[in-house]
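Peer 1: No letters, just coordinates:
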């Protein structure tokens, strides 16, 4: 699977406390930046946390080069407020791209609480589909989509979502996690139906503990810090344009950093 | 000259203040008349035997000067640089009314720097009898380091829990390299560790472990000093545009993550050509002086009162002015203006007048209607102070907070409403100084020690 990695990290203290929806902040090495990564799974006995990430820039490329036995310099968590789990009735969990890994524990917790869980997972093409079996095992129903139709149902995740909302079964809550644009459109899809939709926002972060305000988002016209007030928020209240704008602030620097890293280490596909 | 020249230092992160050499130190130490009243000791929040260490410098017995100083102050290299001695020991010095007060701060720094350069191992020779009691200290800033050192010297087993990946708290992320070199901070953290204090980095109390869990898992007492680390914003329109930073974020990127060395250190920070810093305290001065060193052409301090009301250390305001930072006083922001891509482009400012004094004793700023104007900027840094971070209070049972969100604390003892839990530093008082945090750490350590001994 190109560029997407699942790492199991030995972090017993974090594993003891981790809950669905929370994240960790990591620093790969001494000169690296701090970045947030959502917790995909945990094993309290084994003392491990599973993270999933895609190679996009310097930090994630550096992280991808680590092998079993290597060390991540800093691994801080569990951060953020856990996803609110309650018996709502029927919950639809929508995962875009590699967020299938991060929605899995949420679907699992919702099902354990007595909800009927319908999961939708979508990716651009067949090669990016993974953890289908894992998500199916914690859902009452699973719908898989690929944008290009190379696997399962052709289309975007919002299409089966809309079908479900228009169908006979009452949907009580939607959880949508994935790229910001995907979460925005899931929220837009559910809005006319008035179904509460929780999204997991992913702004840039530095400390992850609420002390700097880098991760500020606007929800219902009020400024919130994604790291301590979130990362879950009401998708119908999020100022998506602000989120997109604030995610772009360091594009030039990210490019510069990556070019420098590439020239030092050669290209890494 | 005891400072780097302004035009030179405005473009580097090297320490601005240069210390005394031996000759200068001895000359100044000899000026102290060793007066019997020694009011200086009362002016010191940690009660250093000031005449004692000054006499040792004068008599060229440097190891004795180190011993006396470190008996009360575990972080002398830090205090010698950031303590506002001019409003504390030096203000009350017997000579203050005559010629000039003894430069106690500079002498303190001299002793600390001498120790670092000349005494081989940083570790302490103090080996107290162990009590078998365990104390958890939350945070690793000045209050915590001081409390931990004192508690270890009393013989208790201490573990510090620090949320960031390096110890020092505001000493590392807040105060810039050119005011407080990070190597010195780490050296003093090393001294505290050498007393047997354990250090757990990357540990956010309230997340990875709660205070209640610490108390039920083998710690007989907990000292909370996580700082008041949540930034205050202006809450004016446009404040979320790109290019608007809280001072906490800006300084953390620059000082902790070393953004001034990007891309060698991989955390970026923006300055552009024109930066405004809103606020008048030490943090505002630090932010402005960092922005200048990062290459901004013009840096402005925007402050709603006048120069005399600025809470920043006089010395830092002067340093900022010498470096070419400009001051828009009696000025307040109304809104931020941005472009379609979400980038800040300008700030709307208006003028203030000064009326009668308010609760802080300073003249109240009163807006002058109709004086609004637009000022083009690339970056804004909001340095209005910090509020308490709720991570601990929201996850700890029976821990009373004040209406400002700080933890309700008895000033003399550091006791909170929760048995076995003490608090000190910014989380108890709101944003204040390094030395006042150290004083709180000392008082709490004494009280915790009494409690543990039953």
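Peer 2: Looks like it came in fine. For clarity, every value in this text was computed on a predicted model and none was experimentally measured. Residues are numbered from 1 along each chain as shown, chains lettered A, B, ... in the order given.
Peer 1: since we're on the nearest residue to residue A:84 once chain neighbours are set aside, how many residues are nearby?
Peer 2: Excluding the flanking residues, the one nearest residue A:84 by C-beta to C-beta, 6 or more residues apart in numbering or on different chains is residue A:232, at 7.1 Å. No exception for glycine: its C-beta is placed from N, CA and C like everyone else's. For residue A:232, the neighbour count with other C-beta atoms under 10 Å in any protein chain shown is 21.
Peer 1: Residue A:232 touches residue A:81, doesn't it?
Peer 2: Yes. Applying C-beta atoms under 8 Å, one finds residue A:232 in contact with residue A:81, separated by 6.7 Å.
Peer 1: Identify the contacts common to the two.
Peer 2: residue A:21 (C-beta atoms under 8 Å, 6 or more residues apart in numbering or on different chains).
Peer 1: hey, what's the residue nearest to residue A:84 bridged with?
Peer 2: residue A:200 (DSSP bridges).
Peer 1: Run the contact check for stretch A:215-230 versus chain B.
Peer 2: Yes. Residues of stretch A:215-230 contacting chain B under C-beta under 8 Å from any C-beta of the partner chain: A:216, A:218, A:223, A:228.
Peer 1: avg pLDDT for that stretch?
Peer 2: Stretch A:215-230 shows a mean pLDDT of 97.
Peer 1: What residues sit buried inside that stretch?
Peer 2: For stretch A:215-230, a neighbour-count test (16 or more other C-beta atoms under 10 Å in any protein chain shown) marks A:215-219, A:223-230 as buried.
Peer 1: Give me the number of neighbouring residues for residue B:373.
Peer 2: Neighbours of residue B:373 (other C-beta under 10 Å): 12.
Peer 1: and if you look at residue B:141?
Peer 2: Neighbours of residue B:141 under the rule other C-beta under 10 Å: 27.
Peer 1: Quick one: residues contacting it.
Peer 2: Residue B:141 sits next to B:168, B:169, B:170, B:171, B:225, B:227, B:425, B:437 when contact means C-beta under 8 Å, 6+ apart.
Peer 1: again with residue B:156
Peer 2: Contacts of residue B:156 (C-beta under 8 Å, 6+ apart): B:130, B:131, B:133, B:134, B:135, B:448, B:449, B:452.
Peer 1: ok, and the closest non-adjacent residue to it?
Peer 2: Leaving aside its chain neighbours, residue B:156 sits nearest to residue B:133 (4.8 Å; criterion: C-beta to C-beta, 6+ apart).
Peer 1: same check, this time on residue A:184
Peer 2: Nearest residue to residue A:184, sequence neighbours excluded (C-beta to C-beta, 6+ apart): residue A:240, at 4.3 Å.
Peer 1: next one: residue B:174
Peer 2: residue B:251 (5.3 Å).
Peer 1: OK, contacts around the one you found?
Peer 2: B:173, B:174, B:176, B:283, B:286, B:287, B:290.
Peer 1: what's around the fourth one, how many residues?
Peer 2: For residue B:283, the tally of surrounding residues (other C-beta under 10 Å) stands at 26.
Peer 1: Look up how far chain A lies from it.
Peer 2: Going from residue B:283 to chain A by C-beta to the nearest C-beta, to the nearest Å gives 13 Å.
Peer 1: what about chain A, any weak spots by pLDDT?
Peer 2: Applying pLDDT under 70 to chain A flags the ranges A:1-2, A:266-269.
Peer 1: can you give me the helices in it?
Peer 2: With DSSP state H as the criterion, chain A has helices at A:12-17, A:58-64, A:100-112, A:132-137, A:158-166, A:180-190, A:240-247, A:251-265.
Peer 1: now the residues of stretch A:215-230 next to chain B in JSON lines, with distance to residue B:341?
Peer 2: Formatted as JSON lines, the residues of stretch A:215-230 next to chain B follow (distance: C-beta to C-beta, whole Å):
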{"residue": "A:216", "distance to residue B:341": "17"}
{"residue": "A:218", "distance to residue B:341": "16"}
{"residue": "A:223", "distance to residue B:341": "19"}
{"residue": "A:228", "distance to residue B:341": "27"}
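Peer 1: Among those residues, which pair sits farthest apart?
Peer 2: A:218 and A:228 (15.4 Å; C-beta to C-beta).
Peer 1: So is stretch B:415-428 next to chain A?
Peer 2: No. Applying C-beta under 8 Å from any C-beta, one finds stretch B:415-428 out of contact with chain A, separated by at least 11.2 Å.
Peer 1: Just give the nearest non-adjacent residue to the residue of the stretch 101-250 of chain A found nearest chain B, would you?
Peer 2: Here the stretch 101-250 of chain A gets closest to chain B at one residue, residue A:245, 2.8 Å apart by C-beta to the nearest C-beta. Take residue A:245 and drop its neighbours on the chain: the residue closest to it by C-beta to C-beta, 6+ apart is residue B:342, 2.8 Å away.
Peer 1: Tell me how many other residues crowd the residue of chain B at minimum distance from chain A.
Peer 2: Scanning chain B for the residue nearest chain A gives residue B:342, at 2.8 Å (criterion: C-beta to the nearest C-beta). Counted with other C-beta under 10 Å, the neighbours of residue B:342 add up to 20.
Peer 1: And for the one 4 residues further on?
Peer 2: For residue B:346, the tally of surrounding residues (other C-beta under 10 Å) stands at 20.
Peer 1: Thanks a lot, see you next time.
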